[in-house]
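Student: the following block contains a protein sequence and its predicted model.
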Amino acid sequence: MPGLKRSRVPVYHHFVLLIWEECDMAGEHRDWRFSLQDSKKEVRIGFKGLDELVQFLEKWMKDSSEDTLPKEI
């Protein structure tokens, strides 16, 4: 029918997000670290902070391609 748009089937991407706290020798909080693992490719990438993680996800979504993940950490 004219004027009707066909809906696109949603495409899902699955990542495992790991978050851990790094502490100094005295046991005091130093930093939060993050990593994402692509569940299909079993590829993992690490991030030194939340800003790096967010920047990566924004670029990845803009590019809308799983190929932005590196092959190794």
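Tutor: The structure has been received and is ready for your questions.

Student: now the helices for this structure?
Tutor: Using DSSP state H, the helices found in the chain span residues 50-63.

Student: could you list the low-pLDDT ranges of it?
Tutor: For the chain, the stretches flagged by pLDDT under 70 are 1-7, 64-73.

Student: recalculate using a threshold of 80.
Tutor: Within the chain, the stretches with pLDDT under 80 are 1-11, 42, 64-73.

Student: hey, where'd the strands end up in it?
Tutor: In the chain, the strands defined using DSSP state E lie at 15-23, 29-38, 43-47.

Student: and the second one, which strands flank it?
Tutor: In the sheet containing strand 29-38, the strands it pairs with under DSSP bridges are strand 15-23 (antiparallel), strand 43-47 (antiparallel).

Student: other residues contacting it?
Tutor: With contact meaning C-beta atoms under 8 Å, 6 or more residues apart in numbering, strand 29-38 is reached by 13-24, 43-50, 52-53, 56, 66, 69, 73. Every residue, glycine included, has its C-beta placed from N, CA and C.

Student: out of the strands of the chain, the one nearest M61 is which?
Tutor: strand 15-23 (11.8 Å; C-beta to C-beta).

Student: buried residues, the closest one. List them.
Tutor: Counting neighbours by 16 or more other C-beta atoms under 10 Å, one finds that the buried residues in strand 15-23 are F15.

Student: that one vs helix 50-63, what angle?
Tutor: With axes from the mean of the first three to the mean of the last three C-alpha atoms, to 10 degrees defining the directions, strand 15-23 sits at 160 degrees from helix 50-63.
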